[in-house]
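Q: 3D, please:
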Amino acid sequence: MTLSRHPRSSIDTPIVRAGAITSTLVALGSRYDAAPIFPVESMKALVAADLHRTFAPLECGGEAFDDAVARNQCLMTVLRIIGRADLSVGRLYEGHVNALALFDWFGSPAQKADLGQNLAQGAFYGVWATEPQPGVQLRQSALDGRKSFATGAGSLTYAVITAQPEEGERRLVVVRADDPARTDLSQWRVRGMRATGSGLYDLTGMAVDPSHLLGQPGDYDREPRFTTGAWRFTAVQLGGIEALLTEIRLAMSDAARADPLQRAKFADAVAATRTAYLWVRECALRAARDDGDGPAFARMTRGVVERAGLDVMELAARITGTRSAIDGERIDKIIRDLSLYLRQGGPDYARDQAALAWLDHDAWGVEDALW
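A: Residues are numbered from 1 along each chain as shown. As a prediction, the model looks like this:
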């Protein structure tokens, strides 16, 4: 990754720009949740704030940071801010940032030049790896198969997808993602995260030439980056939990604030939220230095964030009552979105694999190992 200082003013930072569009994303989020349709205006707001290029490779118009730690600290805060505003947009943005990282790590100079041109035109990318059996195949110079739960299918400009060649490890392929004829959103009938438009995308017959192949066989699956990268979506989920905590506080009447039992529930919600924050922050730092135990730490972080989310959602219902389930209330939207987003692939398996790592050694690190 190319890192150097950026000439932007200290008052013009990604965090400031993200904060400046928060109210816009909140208002638009309610509209797109009710429709539900892809959040075009919300994505335009990200472009207007230049956030769609912030975490791109430097030569593609991205921001430059002092080092990888500074980059991840900034990214974590931006992901949280966007997640607080609208979890659907946060999910789309996290996928975009994921794709930008893949270009940074594996892209050729020509591919990065194309990326820079596309970003200058406001393009958004996704990363699609989930697929129904037998999966997407790369046969000679064409693809065969479909992706499922493809976030932004038919609306994003491009996606970086995984495909299995006839021999060897799976490859990353850059494809157009905006063909309505290839898109099937008919099964995306969900209570939350409606605006993500996560459906099926048929890649059958799509031509592939060498310029579409990103990196080398097996690059996508290499550890520790593959698993540790989960910290990014936990940061978005954390933003949703933080937003819910904020709404709980606003909803508490004077009578509720005077009730020690209600205050105790609020204290539990604060503790759960901040505990999740500490784990996500630590995981982001470990990802920045490609920590060998990053995968175990990310898996444990996923479980910590999930538990915090479930606890704060329950506490929201107990503290605010029926308000937490009234259509049109922001608390209701956050709970619906968060309850679905926390189902991100295999949380129980991830926690089990984390436990196996900790049983073997204290994955917290040798500098503070308990065993």
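Q: drop to CA atoms for contacts and neighbour counts, all remaining ones
A: Noted.
Q: all helices of this structure, in order?
A: Shown for the chain, the helices assigned by DSSP state H span residues 14-20, 22-34, 40-48, 68-85, 87-106, 109-120, 225-228, 231-251, 254-257, 260-288, 294-320, 330-341, 347-360.
Q: show me the shaky parts of this structure.
A: Scanning the chain with the threshold set as pLDDT under 70 gives 1-10.
Q: show me what contacts P295?
A: When the contact criterion is Cα atoms under 8 Å, 6 or more residues apart in numbering, the partners of P295 are 223-228.
Q: nearest to W188, out of the helices of the chain?
A: Each of the helices of the chain has some distance to W188 by Cα to Cα; the shortest is helix 330-341, at 12.0 Å.
Q: elements contacting that closest one?
A: The contact analysis (3 or more Cα pairs under 8 Å, 6 or more residues apart in numbering; DSSP states H and E) places helix 330-341 against helix 22-34, helix 87-106, helix 231-251, helix 294-320.
Q: now it against helix 68-85, angle please.
A: Interaxial angle, helix 330-341 versus helix 68-85 (axes from the mean of the first three to the mean of the last three Cα atoms, to 10 degrees): 130 degrees.
Q: how far off centre is helix 330-341?
A: 16 Å (Cα atoms, centre = their mean, to the nearest Å).
Q: quick check: angle from that helix to helix 22-34?
A: Calculated by the same axes, to 10 degrees, helix 330-341 forms an angle of 70 degrees with helix 22-34.
Q: quick revisit: indicate which one of the helices and strands packed on helix 330-341 is closest to A355.
A: Within those, the stretch nearest A355 is helix 294-320; the backing value is 7.8 Å (Cα to Cα).
Q: what comes up buried for the closest one?
A: Using 16 or more other Cα atoms under 10 Å as the test for burial, helix 294-320 gives 294-313, 315-317, 319-320.
Q: now do stretch 342-349
A: Those would be 342, 347, for stretch 342-349 by 16+ other Cα under 10 Å.
Q: ok, A256 - contacts?
A: Residues in contact with A256, defined by Cα under 8 Å, 6+ apart, are 262-263, 319.
Q: one more time with 10 Å
A: 249, 262-263, 266, 319-320 (Cα atoms under 10 Å, 6 or more residues apart in numbering).
Q: which pair in the residues you listed has the greatest spatial separation?
A: R263 and T320 (12.1 Å).
Q: joint contacts of these two?
A: Common neighbours of R263 and T320, using Cα under 10 Å, 6+ apart, are 249, 252, 256.
Q: circling back: save the helices and strands packed on helix 330-341 as TSV, and put in distance to S211 too.
A: Below are these laid out as TSV (distance: least, Cα to Cα, whole Å):
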stretch	distance to S211
helix 22-34	35
helix 87-106	12
helix 231-251	28
helix 294-320	31
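Q: so for M206, which of these sits nearest?
A: When the helices and strands packed on helix 330-341 are compared by Cα to Cα, helix 87-106 sits nearest M206, at 19.8 Å.
Q: ok, back up a step: looking at the helices of the chain, which is closest to E166?
A: Distances from E166 to each of those were compared using Cα to Cα; the minimum, 21.4 Å, belongs to helix 87-106.
Q: count of neighbours near the closest residue in space to A113 that isn't next to it in sequence?
A: Distances taken as Cα to Cα, 6 or more residues apart in numbering place C60 nearest to A113, at 6.6 Å, with adjacent residues excluded. Number of residues near C60 (other Cα atoms under 10 Å) recorded here: 24.
Q: if I look at C60, how far off is V174?
A: Distance of C60 to V174, computed by Cα to Cα, to the nearest Å: 16 Å.
Q: and the contacts of stretch 359-371?
A: Under Cα under 10 Å, 6+ apart, the answer for stretch 359-371 is 282, 291-297, 300, 353-355, 357-358.
Q: now these as a markdown table including distance to A181?
A: Compiled in a markdown table, the contacts of stretch 359-371 are given as follows (distance: Cα to Cα, whole Å):
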| residue | distance to A181 |
| --- | --- |
| E282 | 43 |
| D291 | 43 |
| G292 | 43 |
| D293 | 43 |
| G294 | 40 |
| P295 | 38 |
| A296 | 40 |
| F297 | 41 |
| M300 | 40 |
| Q353 | 39 |
| A354 | 41 |
| A355 | 44 |
| A357 | 45 |
| W358 | 47 |
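Q: most widely separated two among those?
A: E282 and Q353 (18.7 Å).
Q: and the longest strand along the chain, what does it pack against?
A: For the chain, the strand with the greatest residue count under DSSP state E is strand 158-165. The helices and strands touching strand 158-165, judged by 3 or more Cα pairs under 10 Å, 6 or more residues apart in numbering; DSSP states H and E, are helix 87-106, strand 125-128, strand 137-139, strand 142-144, strand 146-150, strand 171-176, strand 213-214.
Q: just name the most buried of those.
A: Most buried of the helices and strands packed on strand 158-165 by mean neighbour count (mean count of other Cα atoms under 10 Å) is strand 125-128; its value is a mean of 26.
Q: identify all contacting residues around it.
A: So strand 125-128 is in contact with 52, 91-100, 102, 115, 118-119, 147-153, 155-163, 172-177, 201, going by Cα under 10 Å, 6+ apart.
Q: again, 6 Å this time
A: If you take Cα atoms under 6 Å, 6 or more residues apart in numbering as the criterion, strand 125-128 is touched by 95-96, 99, 150, 156, 158-161.
Q: go on, stretch 212-226?
A: 106-107, 169-174, 292, 295.
Q: could you pull up the residues touching G292?
A: Residues in contact with G292 (Cα under 6 Å, 6+ apart) are P224.
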